[in-house]
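# Output the structure for:
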Amino acid sequence: MALALNSQHSQFAFSFPVDFVPSDIEKKYKSYLTRNQNIFDDVIDYLNNSIQQITFPGLTFPTAEQTHKFGKEISYRSAKAPYDIYTKDFTITMASIDNNANYFIMQDILFWHYINTQSTFVNPFLIAILDKNREINWQYEFREIIFTNMSSLVFGYQDTSIDKSEFTLQFKCNFIDVNYVSDRKQQVLIKTKL
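Model (predicted):
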């Protein structure tokens with residue numbers, strides 16, 4: 001009999017940073033949100049509403065091999081930096097909504113970040129891992145982020161169903177900072193960033 005609760009994978013908080021949507025793109029799509037009588041005041045809220053899941057990076061512990069007497073191979077812990085043990089790739093899955101409008105808005109945003117010569121990286125993403133009471137236990141900060149992939153869409157005249165569909169965004173980061181949140185003051189500070 002287990003005395004601990006099973007993990008509930010919906011216990012996280014993630015949203016794109018406020019400055020993820022450039023002001024000119026915000027202005028461009030503001031009329032779309034108004035015209036379609038959308039409940040969201042701005043594009044970032046519209047996009048954050050469609051986030052479904054995030055695939056969290058794993059850990060890879062590299063080893064160094066050394067061959068000893070008589071060909072015996074011995075494995076040792078690598079001298080790799082702790083930041084490089086994370087796989088650094090993460091995927092965000094989003095629901096495709098409003099006839100794929102959020103897909104095309106996101107595509108526009110990602111193009112903007114790609115051609116932006118003022119900044120090499122996207123501003124940090126924060127993920128808060130919550131407990132059963134929705135209090136923050138851990139905070140992960142992904143820094144120096146670059147965009148690597150956006151899944152494709154398939155259009156077909158024969159497909160007239162209105163089924164749930166999703167698309168994925170893949171990112172790579174250079175640093176992942178992990179913070180255990182032990183007191184309420186830290187939690188309040190983190191919640192204002194999310």
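# where does the residue of the chain most remote from its centre land in three-state SS?
Centroid-distance maximum for the chain: residue 70 at 48.4 Å, with CA atoms, centre = their mean. Counting by DSSP: H, G, I helix; E, B strand; the rest coil, the backbone at residue 70 sits in helix.
# One more: residue 172?
Once three-state DSSP is applied, residue 172 turns out strand.
# Residue 76 too?
strand.
# count of residues packed around it?
9 (other CB atoms under 10 Å). For glycine as for every other residue, the C-beta is placed from the backbone atoms N, C-alpha and C.
# looking at it, it is touching residue 63, isn't it?
Yes - counting by CB atoms under 8 Å, residue 76 does reach residue 63; the two are 6.4 Å apart.
# Check what pLDDT residue 83 gets.
We have a pLDDT of 75 for residue 83.
# Name the nearest residue to it, sequence neighbours excluded.
With CB to CB, 6 or more residues apart in numbering as the criterion, residue 83 has its nearest non-adjacent residue at 5.5 Å, and that residue is residue 175.
# beta partners for the one you found?
Following DSSP bridges, residue 175 is listed with bridge partners residue 143.
# separation between it and residue 79?
18 Å (CB to CB, to the nearest Å).
# Looking at those two, which is more packed in?
Applying other CB under 10 Å to residue 175 and residue 79 shows that residue 175 carries more neighbours, namely 15 against 7.
# Starting from residue 127, give me the distance back to that one.
From residue 175 to residue 127 the distance is 14 Å (CB to CB).
# Which element, helix or strand, includes the most centrally placed residue in the chain?
Central residue of the chain (CA atoms, centre = their mean): residue 92, 4.7 Å from the mean position. Assigned by DSSP states H and E, residue 92 falls within strand 89-95.
# Taking their axis directions, the helix or strand following that strand and strand 89-95 sit at what angle?
Counting by DSSP H and E, the next helix or strand C-terminal to strand 89-95 is helix 101-115. Here the directions of helix 101-115 and strand 89-95 differ by 150 degrees (axes from the mean of the first three to the mean of the last three CA atoms, to 10 degrees).
# Return the distance of helix 101-115 from the chain's centre.
Relative to its chain's centre, helix 101-115 lies at 15 Å (CA atoms, centre = their mean, to the nearest Å).
# And stretch 116-131, by the same measure?
Distance, centroid of stretch 116-131 to centroid of chain: 8 Å (CA atoms, centre = their mean).
# What would it look like as PDB? C-alpha coordinates only.
Output of stretch 116-131 as PDB, limited to C-alpha atoms (Å, rounded to 0.1, in the frame of the first residue of the first chain):
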ATOM      1  CA  ASN A 116      15.100  40.200 -34.600                       C
ATOM      2  CA  THR A 117      18.800  41.300 -34.600                       C
ATOM      3  CA  GLN A 118      18.500  43.200 -31.300                       C
ATOM      4  CA  SER A 119      18.300  40.100 -29.200                       C
ATOM      5  CA  THR A 120      19.900  36.700 -29.800                       C
ATOM      6  CA  PHE A 121      17.600  34.800 -27.500                       C
ATOM      7  CA  VAL A 122      13.900  34.900 -26.400                       C
ATOM      8  CA  ASN A 123      13.400  36.100 -22.800                       C
ATOM      9  CA  PRO A 124      13.300  33.400 -20.100                       C
ATOM     10  CA  PHE A 125      10.300  31.100 -19.700                       C
ATOM     11  CA  LEU A 126       9.200  30.100 -16.100                       C
ATOM     12  CA  ILE A 127       7.500  26.900 -15.200                       C
ATOM     13  CA  ALA A 128       6.100  26.400 -11.700                       C
ATOM     14  CA  ILE A 129       5.600  22.900 -10.400                       C
ATOM     15  CA  LEU A 130       2.700  22.900  -8.000                       C
ATOM     16  CA  ASP A 131       1.600  20.700  -5.100                       C
END
